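Novice: output the structure for:
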Amino acid sequence: MTILIVEDEPRASRGLRNLIEQIGEDFHVVGEALDGKEALELIHMLNPDVVMTDIRMPVMDGIELTKRIKEDK
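Specialist: Here you go, the predicted model:
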């Protein structure tokens, strides 16, 4: 399963990546984004199975990001 992490706090992003990597070999973090705008670009490039997003972020928050992902499908 491929996972994209969208988190503006570097420490939280690292912690989430470490946790995912410890779960097992079937889970792979394919990218990280600092905001929703950057995440949308990565989603189109990487086509991850799962997007784990923060809600409060600069530029585009997680709620707007999920709306945009849904519109793109």
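Novice: roughly how far is the lengthiest helix in the chain from the heart of the chain?
Specialist: If you go by DSSP state H, the chain has its longest helix at helix 10-23. Centroid separation for helix 10-23 versus its chain: 12 Å, with CA atoms, centre = their mean, to the nearest Å.
Novice: host element of residue 43?
Specialist: helix 36-46 (DSSP states H and E).
Novice: helices and strands around that helix, which ones?
Specialist: In terms of contacts (3 or more CB pairs under 8 Å, 6 or more residues apart in numbering; DSSP states H and E), helix 36-46 is packed against strand 2-6, strand 28-33, strand 50-53, helix 62-72. The C-beta positions use only the backbone N, C-alpha and C, and glycine is treated the same way.
Novice: tabulate the ones you listed (TSV), appending mean neighbour count, mean pLDDT and distance to residue 19.
Specialist: Converted to TSV, these look like this (neighbours: other CB atoms under 10 Å; pLDDT from 0 to 100; distance: least, CB to CB, whole Å):
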stretch	mean neighbour count	mean pLDDT	distance to residue 19
strand 2-6	21	98	10
strand 28-33	18	97	10
strand 50-53	18	96	10
helix 62-72	14	93	18
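Novice: okay, the ones you listed in a markdown table with distance to residue 40 next?
Specialist: Shown next, in a markdown table, are those (distance: least, CB to CB, whole Å):
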| stretch | distance to residue 40 |
| --- | --- |
| strand 2-6 | 9 |
| strand 28-33 | 8 |
| strand 50-53 | 10 |
| helix 62-72 | 6 |
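Novice: out of those, which comes closest to residue 44?
Specialist: Residue 44 sits nearest to helix 62-72 of all these, at 7.9 Å, using CB to CB.
Novice: tell me, how many neighbours does the closest residue to residue 60 other than its chain neighbours end up with?
Specialist: Spatially, and ignoring its direct neighbours in sequence, residue 60 is nearest to residue 36 (3.0 Å; CB to CB, 6 or more residues apart in numbering). Residues near residue 36, counting by other CB atoms under 10 Å, number 27.
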